[in-house]
Every structure is written in structure tokens, then in C-alpha cells.
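Trainee: Here's my sequence, what's the structure:
(chains A, B and C)
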Amino acid sequence: MRNRTVIQEFIKGLWEENPVLVSLLGLCPVLAVTVSAENGMAMGLAATFVLISSSFLVSMFRKVIPGQVRIASYIVIIATFVTIADRFLAAFTPDISKSLGPFIPLIIVNCIILGRQEAFASKNNIGRSLLDALGMGVGFTLTLLVLSSIREILGSGTWFGMEIMWPSFSPWQVMILPPGAFLALGCMIAGANWINRRRKS
Amino acid sequence: MNLIVIFISAALINNFILSQFLGICPFVGVSKKIDSAFSMGIAVTFVMVISAMVTWLIYHLILVPFNLQILEYVAFILVIASLVQLVEMFIRKVSKPLYDALGIFLPLITTNCAILGLALNAVLNEYNFSETLIYSVGAGLGFTMALVIMAGIREELELAPVPRSFQGAAITMIVAGSLALAFMGFAGLI
Amino acid sequence: MSNTAKIIIVLTLITMISGGVLALLDNYTKPRIEAYKEKVKNAAVDEVLPPNDRVEKIEKGEYQFYVAYKGNDIIAIAFKAFGGGFQSKLVLMVGITPDFTEITSVKMLEQVETPGLGTKIEYDPANKEKPAWFTDQFKNLKTQPEITYVKNVKPTKNTEIQAITGATISSKAVVIILNEHIAKAKATWESN
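Mentor: The predicted structure follows:
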């Protein structure tokens, strides 16, 4: 891991170790909020904010926090940043806060965030931890954006609220319902597997 | 009457996995064998019920009277994390067979969003104590049921010719999608 | 320093700092959030009440009544009604005539129902001209003996509304909440 270049540290989160498509982490918010591109984007950015800030703190204090209580310490740090994100969304973008509603607090138990603290930030210096967090965050946000775009375009015929399908298009309502989330994500994972196989051979 | 509606709605209609998307990680990870799926489900139900009651008490007896709702998330997750540890220690002391059955699943539960989601939902829906209790039992049983059904299907899937790209997580998601579709039918119950 | 002491000190420090940061955050964001809620509520009050000269706020029992006057006559009253929906709490602002027999208008304040189905009680993207057609049905609806709903057909009675296809439970919840709160608010309003 040490011999990765700075760029590689960032890039790995986008595809090779993409938290959603490859590691299958943090699936709850991925499935739940992706009914519209706007929601997916907002969720991705909120999680990225929490990931970067907690990675920074955890990496900074990695030598001070005793091993036995590291998980407890990480979740307090994460929960604090999630509360900050939650309140800021509620105060400045009330509409988004309303539609993401109950899913913001679940960022606390998003396995990506705790996983990165445990696997990376607690063992690496601040610079590398920030790059790692940024890469993972961007990878997470992009995946959410693609999934939510697919669901919104097929399910409502719109993208970021704009009409983009032809007028006679009848929306596939199932795509914005819970089953559509599973089906769309299943196809995306299969697509990622297929691309990876093609690249290898 | 109201309690029955809450129970049915938590277990079937708003099934935690298939319609609320809570607790997907263990759903993908542990649903390969029926035995382990069942044990995981029971362990989660157990922790859910206890943590829902404790967080309800903390929220209504400490956070609300002192106007500290901003600490909701931090307090809840700390309580859940410590509860899981306590439950683990307690089970290890009291019952060896039970520990062998549930032990390995308990640490995983801290980061199971279903537990935190349940505690937060109970507050959001303004349930009273008995409603919270029924809600958590219903949600836990619904969770167990979805996990076991999924494990049954995945055991069969091992023998099925799944396209190569779809093997593993992808086909699990597609199957979960079909299950979610089926569970939507329960909406007509109430 | 023993390990136990270190654990206790570190954990205490972390939680204390977290508490401090959140207290500051609370002070900073609370006024904004409250102000926004107030704004939404006032907008809803304006929307559900008919044109008037002035609105007075009267607290009675568990309700806050917003009373609209024209000259010295009360022309309508607005209040908040709430209750359980399909999977979330629903909060509505209801405008009603002073004798509580005819709704002037209804506005959805809070709901987190199933996206694409239950959310149509607030906003239906498929209906381009009237996305809030569901709550619009309550305009000038009679409340006595009680509000009822029908499925898949046009309402025939002046106390009837049409439920949303695929979201009967959410639609039904709105009707139940309204019946219950109109009766309760009427009793509260008329008591002294």
C-alpha cells in the first residue's frame, strides 16, 4: 500500500475499490435515496463531507486513541459530523433536508465511513488519509449519481427535475419504488463485473 | 388495534430490508445459508428490541426534558454500541450454547443501520413506549423473515446457471428486487 | 498512566469536545431552522385561508387557531392536523369555515411517504397542470356528517374525495386525520 503514488491513492476509490460496486458497502443509503438525481447527489456529498472530516481527525489522533476504544471513538467523531451535516442541510437547504430526511443520520452507520477509518485513516498519515477519503467519497457520489439518474430518468422521465424524455414516454413507475432500486443496482453491479472482465482479458 | 397495525406494518408492509433498505449489509453478507441467516435475524431482533426500549427511555427521559435533541445521534449510537458489547458479555456468561449460536454476529450488529434506523424511526413517528416495543418486535421478525427467505433462494441459486457477470452480489440484488415486488402486495393488508 | 485511565480520559475528552461543538452548532442553526418552519407555516396559513383583512393567532387547548377576519366577522379558521400516515407522520394545515362545516383549503406540511406513490398526496408529478390535485379536492368540501373517499371513480357527494391509485392508505390516512381533528378542533374552539 505504501508504494502507491498520490494519484493512485485517489483514483482507486473511483473504480478498482469503488465502495458500492466492488466492496458492496453503504448500500442502505444507495438504495433508499436514489429516487432522484438531486437526492443522490446531495446524499453523496453529505457522506463525502463526513468521510473526509472524520478521516482527517482519526488520522490526526491515530496515535492517541487507545486500541480498545477506537471504534467507540470513531463513531462519536462520525456521529458529530453527521449531526453537523444534518443541521446545515436543514438550515440552508430545507427542501433537500426534507426529502433525504431520515437517511442523513444513517450515514453514521454507513459501513464505508467506519470501514475507511478502521482500514485506512487509523494507519496512515493525514495527507494520504485525506486523499483516500476524497477518492472514496467521489467514487460513492458518482455511483449514487449514476444510479439515481437511471432511476429518475426511467421512473419519472426527468433528470434533475427537467423533462428529458419524449412526450409520449410513460414512466416506469417501478423504478422509483423499492424493487426498482434493487433491480437497477443489480444491473449496475453486473455491468461493472462485465467491464472488469473485458479489461482483464 | 393500533398496535396490531404497527406490528403488521413494521414486519411486512414496511419491511426493513425490502422496503426501507435498512440492514442491507448483513442481508448481502450473511444470507447464504438458512441456519446462519436465522441466527443473525434472531440476534438482530434481540438487540433491536433492547436498544429500541433503552433509546426511547433516554430520548424521552433525558434528551427531551433537557432540550438536548441535538445530541440524539451521538447518544443513540453510543448507547447501541455499548449495548451490543453488554449483550455480548452477558450472553457469554449466561448461556454458552446461545453464545455459540449468536456470538459471532453480535459485533457486526453495531454497524447495522437497521438498529439505529429503528430507534430514530420510533422517535420520528412519536411512538409511545408500548408502540415502540411492538414496532421493534415486528421490525425484527420482518428482518429475520426476509433474511431467511433470501437465504433459501440463494441456496437454490448455487445450482442455477447464472450469467457470469451476474454471479454473486448482482443476482442477489435482482432476487431482492423481485422479493420487494412481492412484498409490495402486503400493502393491501391494512 | 495506566491503560484504563487513558481510555477513560480519551473517551471523556472526545465526547466533551463533541458535545461542545454540537452545542455551538445548535445555537447557530436553531434560529434559522425555526425561522424556516415559521415561514412555511405562515405561508400555509395564508394559502388555506380565503382573502381577509387580518389574521389573529389564538391559542386554545392543544391547538393554535389562526383566525381570519373580514371587518369584524370571522370568515375562516386555520389549524394544524396531524397523525400517522402509511409510513411517516403527516402534518396538514387545514382552513375551515367558523362553523366547521366546510373546508376552505388544505395544505400538506410534512410527509415522508413512499416515493412515487404516497408522496402524491402532496405532489403528483404525473399531473402537470395540478400537481397538488389530491389536496385540492378538499377545497369547499363539506365535513358533515363525515369526509369519505372513493376509489377509481369520480366523487359524487359533496363530502367525498377520490383516493390516489396505489396510495389508498396514505389517502385514507389524510381523511381519517381530517375527520378526527376537525371534530376535536371544533370542540376545543367552542369550549371556553
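Trainee: burial of C:Asn152, as a residue count?
Mentor: 8 (other C-beta atoms under 10 Å in any protein chain shown). (Each C-beta comes from the backbone N, C-alpha and C, glycine too.)
Trainee: for chain C, what spans make up the helices?
Mentor: For chain C, applying DSSP state H gives helices covering C:3-48, C:133-136, C:168-190.
Trainee: looking at those helices, which is closest to B:Phe27?
Mentor: helix C:168-190 (25.4 Å; C-beta to C-beta).
Trainee: tell me the pLDDT at the nearest residue in space to C:Phe100 that is not next to it in sequence?
Mentor: Excluding the flanking residues, the one nearest C:Phe100 by C-beta to C-beta, 6 or more residues apart in numbering or on different chains is C:Lys186, at 4.2 Å. As predicted, C:Lys186 sits at a pLDDT of 88.
Trainee: Okay, now the unreliable bits of the chain?
Mentor: This is for chain A. Along chain A, the model assigns pLDDT under 70 to residues A:1-3.
Trainee: um, chain C though
Mentor: C:1, C:115-116, C:192.
Trainee: what's the burial count for residue 156?
Mentor: Here I'm looking at chain A. 23.
Trainee: oops, I was thinking of chain C
Mentor: 7.
Trainee: Please list all residues in contact with it.
Mentor: C:Val150 (C-beta atoms under 8 Å, 6 or more residues apart in numbering or on different chains).
Trainee: Remind me which helix or strand the one residue sitting closest to the centre of chain A belongs to.
Mentor: Geometric centre of chain A, nearest residue: A:Phe140, 3.4 Å, by C-alpha atoms, centre = their mean. Secondary structure assignment for A:Phe140, by DSSP states H and E: helix A:126-156.
Trainee: picking up where we left off before, include mean neighbour count when you put the helices of chain C into TSV, please.
Mentor: TSV is the format used below for the helices of chain C (neighbours: other C-beta atoms under 10 Å in any protein chain shown):
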stretch	mean neighbour count
helix C:3-48	15
helix C:133-136	18
helix C:168-190	19
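Trainee: To C:Lys89, which of these lies closest?
Mentor: Closest to C:Lys89 of the helices of chain C is helix C:168-190 (C-beta to C-beta; 9.9 Å).
Trainee: Assess the claim that A:Leu25 and A:Gly13 are in contact.
Mentor: No - checked against C-beta atoms under 8 Å, the pair A:Leu25 and A:Gly13 is beyond contact range at 11.3 Å.
Trainee: With neighbour numbers in mind, choose between these two.
Mentor: More neighbours surround A:Gly13 than the other of A:Leu25 and A:Gly13, with 26 against 23 (other C-beta under 10 Å).
Trainee: From chain B, how far out is the residue lying closest to that one once chain neighbours are set aside?
Mentor: Spatial nearest neighbour of A:Gly13, chain neighbours left out: A:Gly135 (3.0 Å); criterion: C-beta to C-beta, 6+ apart. To chain B, A:Gly135 is 21 Å away according to C-beta to the nearest C-beta, to the nearest Å.
Trainee: likewise C:Leu141?
Mentor: In terms of C-beta to the nearest C-beta, C:Leu141 sits 25 Å off from chain B.
Trainee: That residue - nearest residue in space that isn't next to it in sequence?
Mentor: C:Ile103 (4.8 Å).
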